[in-house]
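**Q** here is a sequence with its predicted model. Questions after.
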Amino acid sequence: MARYIFITGGVVSSLGKGLASAALGALLQARGFSVRLRKLDPYLNVDPGTMSPFEHGEVFVTDDGAETDLDLGHYERFTGVPARMTDSVSSGRIYSNVLEKERRGDYLGKTIQVVPHVTNEIKDFLNIGDDEVDFMLCEIGGTVGDIEGLPFFEAIRQFSHDRPRGQCIFMHLTLLPYLAASGELKTKPTQHSVKELQSIGIAPDILVCRSEHPIPDKEREKIALFCNVRKEAVVAAYDLASIYEAPLAYHREGLDQAVLDAFQISPAPRPDLAVWRDVADRIHKTDGTVNIAIVGKYVQLEDAYKSIKEALTHGGMANRVKVNVEWVDAEVFDTQDPAPHLEGFHAILVPGGFGERGTEGKIKAAQFARERKIPYLGICLGMQLAVIEAARNVAGMATAGSEEFDHETGQKRFEPVVYHLKEWVQGNAKVRRKVGDDKGGTMRLGAYDATLKEGSKVAGIYGTTSIEERHRHRYEVDIKYMENLEEHGLRFSGMSPDGRLPEIVEWTNHPWFIGVQFHPELKSKPFAPHPLFADFVRAAIETSRLV
Ligand code: GLN
């Protein structure tokens, strides 16, 4: 039976609960325990798949095809444990399950209530897989006191009583604001936040206090006294230069020790932090900087491309360089020459995206990279647009485009080099998409195998010819055009095992131009940078030496 750690937040949002959870997961692993991390989100959307990246940041896709909150990305990057569908749930999903059961008559005509029906549904979710790991870390989204979070708080309170004593602990993150005028850290918001938690029956075992200044011993004592926690369980969380320093920083502040003490695990196994020391070393000891442009649409909110940004950082760590990422709004050169916006970058990345807006600009970015021999990595839509660029400007198909854009406008304007796929194979099963299905859950989602061409650039980079990567898209490059494009030098170097779906394209006469239909960024880790990102950054370093 797993031990459960519930992670909640108070005072303000964006305190870094996800990061604290992920770092704690990594520290428990370093002490030899197995962990699994989960996110419970109070919003009413059934899943984040249809939420705007502008508002909610990127949608993180798991191997088993779930569209989840980006915090699951942090969890994976820190623990290396592949997230699963059953690691993420929202109020919307919980309510929708409850209502479905009610409609089916499962509750035998009983009055359906938040307690116990909704809370039981949440507890059932928490129980999934509890015999598989030593520790289950469950983060509750939002802040204590939020109306929609209440059923989750009530459920975890009940859950801790359902289990034998000592099987569950509560860790609460708060903020200690600093008042410059009096030169003091203020503990009152933390006290209030803990009171709020206590009023719903939860007494935190550990307080993680975010602070921009060192927490004096006196304040620590005060927090312990007023919040009813042990002094050693008041853990400081200071701002860090890199998120990847978090495991070492939390270890220094005693977080993992406090957790093991709270569970009365003694003697505590000694941690092996060699991996995280190496990661920190690679962040701090770098030689040079490369400038990489991400040409995208959601550039106002960097979280929209969270995993890509992180994967580039990992690529930098693999090569011991600093990667300076700049966000370039593709729409700006929809109608203009891209050169003034892109000159000076050592590499260009065009990420995934949906809809036509900004695509002409991205096509120009692909053309610029191809003609100027600048390293280019196109991901998902970025690959599809690179193929459209090749078709238009190299293979002479002036009207090449994607069916996605015609669907949007309802007009037939393009020759569909990228088309809407209706049926495909996943593992041994056939997946069919119904006509009219086009929102939420109708995409090719999750892990799929691909076969790489012997001798291709990507086969060299991966060091193998069979790979598995995660997908999230509705449209595919049509193999009808493959022969023609290959004759012009665009090699289809990765295909689905049945040979029907192009997975990777690369220009043979270019130092580094690769488009991938999948999302390699989702599998990159600081301690295991994804080979495509590591090699992309290496190519950027080479470009930087030429200028
Ligand atoms: N919009 C494209 C599709 O659905 C690309 C999706 C993506 O980039 N994730 O196929």
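**A** All right, it came through fine.

**Q** spatially central residue for the chain, please.
**A** G73 (3.1 Å; Cα atoms, centre = their mean).

**Q** skipping adjacent residues, who's closest to that residue in space?
**A** F60 (4.3 Å; Cβ to Cβ, 6 or more residues apart in numbering). C-betas here are computed from N, CA, C, even on glycine.

**Q** need the phi and psi values for the one you found.
**A** F60 has phi and psi values of phi -90, psi 130 when expressed as degrees, to the nearest 10.

**Q** same check on P416?
**A** The phi/psi pair for P416 (degrees, to the nearest 10) reads phi -80, psi 80.

**Q** please list all residues in contact with it.
**A** G401, S402, E403, D406, D478 (Cβ atoms under 8 Å, 6 or more residues apart in numbering).

**Q** picking up where we left off before, for the residue nearest to G73, give its distance to K39.
**A** 10 Å (Cβ to Cβ, to the nearest Å).

**Q** joint contacts of these two?
**A** In contact with both F60 and K39: T68, D69, D71, L72, using Cβ under 8 Å, 6+ apart.

**Q** for stretch 521-538, what is the distance to the chain centroid?
**A** 14 Å (Cα atoms, centre = their mean, to the nearest Å).

**Q** endpoints of that stretch, how far apart?
**A** With Cα to Cα, to the nearest Å as the measure, stretch 521-538 spans 16 Å from end to end.

**Q** just the buried positions in it, please.
**A** For stretch 521-538, burial by neighbour count (16 or more other Cβ atoms under 10 Å) applies to 521-527, 529-538.

**Q** overlap between those residues and the residues near the ligand?
**A** The overlap between these and the neighbours of the ligand (Cβ under 6 Å from any ligand atom) is empty.

**Q** which parts of the stretch 151-300 of the chain are helices?
**A** Counting by DSSP state H, counting those that start in this stretch, one finds helices in the stretch 151-300 of the chain at the ranges 188-199, 217-227, 246-252, 255-262, 274-284.

**Q** is it possible to export these to TSV including distance to E55 and mean neighbour count?
**A** As requested, the helices of the stretch 151-300 of the chain are exported to TSV (distance: least, Cβ to Cβ, whole Å; neighbours: other Cβ atoms under 10 Å):
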stretch	distance to E55	mean neighbour count
helix 188-199	25	18
helix 217-227	33	16
helix 246-252	25	21
helix 255-262	31	22
helix 274-284	30	17
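
**Q** for those, please prepare JSON lines with the additional fields mean pLDDT.
**A** Formatted as JSON lines, the helices of the stretch 151-300 of the chain follow (pLDDT from 0 to 100):
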{"stretch": "helix 188-199", "mean pLDDT": "95"}
{"stretch": "helix 217-227", "mean pLDDT": "95"}
{"stretch": "helix 246-252", "mean pLDDT": "98"}
{"stretch": "helix 255-262", "mean pLDDT": "97"}
{"stretch": "helix 274-284", "mean pLDDT": "96"}
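
**Q** make TSV out of the ones you listed and add distance to the ligand.
**A** Below are the helices of the stretch 151-300 of the chain laid out as TSV (distance: least, Cβ to the nearest ligand atom, whole Å):
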stretch	distance to the ligand
helix 188-199	38
helix 217-227	44
helix 246-252	29
helix 255-262	36
helix 274-284	28
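
**Q** can you lay out these as CSV showing distance to C380?
**A** CSV is the format used below for the helices of the stretch 151-300 of the chain (distance: least, Cβ to Cβ, whole Å):
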stretch, distance to C380
helix 188-199, 40
helix 217-227, 46
helix 246-252, 29
helix 255-262, 37
helix 274-284, 28
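
**Q** I figured the residue nearest to G73 hits Y75, correct?
**A** No - under the criterion of Cβ atoms under 8 Å, F60 is not in contact with Y75, lying 9.2 Å apart.

**Q** before we move on, the earlier item: what's the closest of the shared contacts of F60 and K39 to the ligand?
**A** The closest of the shared contacts of F60 and K39 to the ligand turns out to be T68 (Cβ to the nearest ligand atom; 14.7 Å).

**Q** for the residue nearest to G73, give me its contacts.
**A** Counted by Cβ under 8 Å, 6+ apart, F60 has contacts E67, T68, D69, L70, D71, L72, G73, A83, K306, S307, L522.

**Q** now H251
**A** L27, A30, P271, L273.

**Q** against the ligand, how distant is Q367?
**A** Using Cβ to the nearest ligand atom, to the nearest Å, Q367 is found at 19 Å from the ligand.

**Q** next one: V59
**A** Distance of V59 to the ligand, computed by Cβ to the nearest ligand atom: 9 Å.

**Q** ok, that residue - how many residues close by?
**A** Residues near V59, counting by other Cβ atoms under 10 Å, number 25.

**Q** my read: it touches G49, true?
**A** Yes - using Cβ under 8 Å, V59 is in contact with G49, at 6.0 Å.

**Q** anything in contact with each of these two?
**A** By Cβ under 8 Å, 6+ apart, the residues touching both V59 and G49 are E67.

**Q** gap between stretch 218-227 and the chain center?
**A** 35 Å.

**Q** other residues contacting it?
**A** 176, 185, 187, 190-191, 194, 204, 207, 209, 229-231, 233-234.

**Q** of the residues you listed, keep whichever come out buried.
**A** Among the contacts of stretch 218-227, those buried by neighbour count (16+ other Cβ under 10 Å) are L176, L185, T187, T190, Q191, V194, P204, L207, C209, V229, A233, V234.
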